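Q: got a predicted structure plus its sequence, pasted below:
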Amino acid sequence: MTDNTQTPQDAHDKTAQTPTVDHAAIDESITLRQEVSGLGALLRTQPFWVFVAILAIGVVMTFVSDAFLTERNMFNITRNMAFFGIMALGMSAVICTAGIDLSVGSLMGLCAINLALVLQAGWGVEVGFLACMLTAAVVGFINGVLIAYVRLAPFVVTLGMLAMSRSIAMVISNNKMVYEFGPDQDLFEQIGGGSLLGVPNVVWVLTAMTLFFLWVWRYSEWGRWVIAIGGNAHAAKLSGIPVERVIVSVYMVCSMCTGVAAFMFIGYTGSATNGMGATYELNVIAASVIGGANLMGGVVYALGAPIGAALVELIRNSLLLAGIPALWQQFFVGLFLILAVLLEQLRNRGGK
């Protein structure tokens with residue numbers, strides 16, 4: 001007959017074998033990641049060298065084209081890059097968790113159509129904005145739940161949402177352009193297409209959002225949680241971080257940044273089509289990664305998103321001014337994306 005009696009010593013041994021969580025070590029790791037990705041270390045990070053590349057391209061283009069440094073061209077560059085920059089702020093948060101969101105381009109089209117239809121029905125700009133943001137939040141919530149709780153791969157979920165969002169936009173718009181925005185049309189177009197002190201309104205929006213994300217990544221608990229999850233999701237969960245809820249919120253933030261960009265973009269263009277935002281996901285992901293977001297997770301730069309977006313737009317603008325066919329634009333965006341990932345890997349290997 002087997003003796004199953006447990007002695008005090010046996011209980012002590014089992015207790016000793018039970019894994020314990022070093023909360024202090026995890027907190028220290030999170031803090032270290034924040035410091036590495038903060039503004040104070042910018043000069044030693046990828047965004048700094050991307051900024052140097054922007055300056056170098058700018059110097060070269062001043063000799064290639066007299067139109068480059070004109071006020072009109074600078075206005076266009078900053079305005080166009082701001083749309084990508086706003087979306088890249090949210091995408092950087094997703095990439096920080098080692099995720100990806102391929103649906104942002106199609107979501108922009110869906111938000112645009114919903115917003116335009118609400119305005120066309122006679123509602124005010126504020127109601128249209130709420131409809132736009134609600135659409136974005138719902139899509140982000142669905143993405144997040146499927147990824148965090150159902151455990152589906154981010155690539156698969158957001159690729160599926162890319163197709164579904166575009167299809168829904170086509171259905172509700174009857175595959176037609178919407179260009180009548182009701183009684184607030186002039187106000188709406190002034191918000192999206194106007195300027196303040198010679199600077200496009202959308203650039204002011206990007207600036208405000210960038211400053212907000214600087215605070216989020218540096219000081220907020222949510223920012224610490226996102227960085228911790230990207231660094232080691234299992235350790236983050238052991239430390240008490242609600243990993244699933246944070247991941248859902250990250251995808252909602254990404255989608256809502258897309259909603260803001262859609263609101264401003266329609267006001268600028270004066271029309272909404274279900275094809276709006278097509279292929280934007282490549283430019284947004286490229287802007288985020290070029291700006292320093294690590295596809296392996298755990299690293300994010302608030303300033304990296306607008307800096308990366310500036311380089312992406314500068315590439316496009318420079319090719320046009322240099323007389324290179326527009327068909328080459330995506331080639332060079334993809335090339336810089338690959339180079340950014342390659343440089344990140346080389347830097348990581350060098351640090352080991």
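A: Happy to help now that I have it.
Q: okay, now the unreliable bits of this protein?
A: 1-44, 347-352 (pLDDT under 70).
Q: again, only this time at 50
A: 1-5, 7-22, 26, 32-40 (pLDDT under 50).
Q: strands of that one, residue ranges please.
A: 195-196, 199-200 (DSSP state E).
Q: let me have the ones you listed in CSV, extended by mean neighbour count and distance to Gly223.
A: Quick note: C-beta positions are derived from backbone N, CA and C, even for glycine. Shown next, in CSV, are the strands of the chain (neighbours: other C-beta atoms under 10 Å; distance: least, C-beta to C-beta, whole Å):
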stretch, mean neighbour count, distance to Gly223
strand 195-196, 12, 29
strand 199-200, 18, 27
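Q: so which of the ones you listed comes closest to Gly99?
A: Ranking the strands of the chain by their distance to Gly99 (criterion: C-beta to C-beta) puts strand 199-200 first, at 30.5 Å.
Q: that closest one pairs with which strands, parallel or anti?
A: strand 195-196 (antiparallel) (DSSP bridges).
Q: contact partners of the partner strand?
A: Outside strand 195-196, the residues that touch it by C-beta atoms under 8 Å, 6 or more residues apart in numbering are Phe75, Asn201, Trp204.
Q: buried among those? Need that as a selection in ChimeraX.
A: The buried subset of those, as determined by 16 or more other C-beta atoms under 10 Å, is captured in ChimeraX by this line:
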select :201
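Q: picking that back up, can I get the strands of the chain in JSON lines including distance to Ile172?
A: Formatted as JSON lines, these follow (distance: least, C-beta to C-beta, whole Å):
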{"stretch": "strand 195-196", "distance to Ile172": "32"}
{"stretch": "strand 199-200", "distance to Ile172": "29"}
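Q: closest to Leu339 out of those strands?
A: Judging the strands of the chain by C-beta to C-beta, what sits closest to Leu339 is strand 199-200, at 28.9 Å.
Q: and the closest one, how far from the chain's centre?
A: Relative to its chain's centre, strand 199-200 lies at 22 Å (C-alpha atoms, centre = their mean, to the nearest Å).
Q: repeat for stretch 326-343
A: 18 Å.
Q: what about dumping the CA coordinates of it to CSV?
A: What follows is stretch 326-343, C-alpha atoms only, in CSV (Å, rounded to 0.1, in the frame of the first residue of the first chain):
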residue,chain,number,x,y,z
ALA,A,326,5.0,57.4,-60.7
LEU,A,327,4.9,53.7,-61.2
TRP,A,328,8.3,53.5,-59.4
GLN,A,329,7.0,55.1,-56.2
GLN,A,330,5.9,51.9,-54.4
PHE,A,331,9.2,50.3,-55.5
PHE,A,332,11.2,52.8,-53.6
VAL,A,333,8.9,52.8,-50.6
GLY,A,334,9.3,49.0,-50.4
LEU,A,335,13.0,49.3,-50.8
PHE,A,336,13.3,51.7,-47.9
LEU,A,337,11.1,49.4,-45.8
ILE,A,338,13.4,46.4,-46.4
LEU,A,339,16.5,48.6,-45.7
ALA,A,340,14.9,49.8,-42.4
VAL,A,341,14.3,46.2,-41.2
LEU,A,342,17.8,45.2,-42.3
LEU,A,343,19.4,48.0,-40.4
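Q: give me the number of residues near the residue lying closest to Val289 once chain neighbours are set aside?
A: In this structure, Val289 finds its nearest non-sequential neighbour in Ala340, 5.1 Å apart by C-beta to C-beta, 6 or more residues apart in numbering. Ala340: 24 surrounding residues under other C-beta atoms under 10 Å.
Q: before we move on, the earlier item: can you tell which of the strands of the chain is closest to Gly140?
A: strand 199-200 (26.0 Å).
Q: residues making contact with that closest one?
A: Outside strand 199-200, the residues touching it (C-beta under 8 Å, 6+ apart) are Phe75, Thr78, Arg79, Ala82, Gly194.
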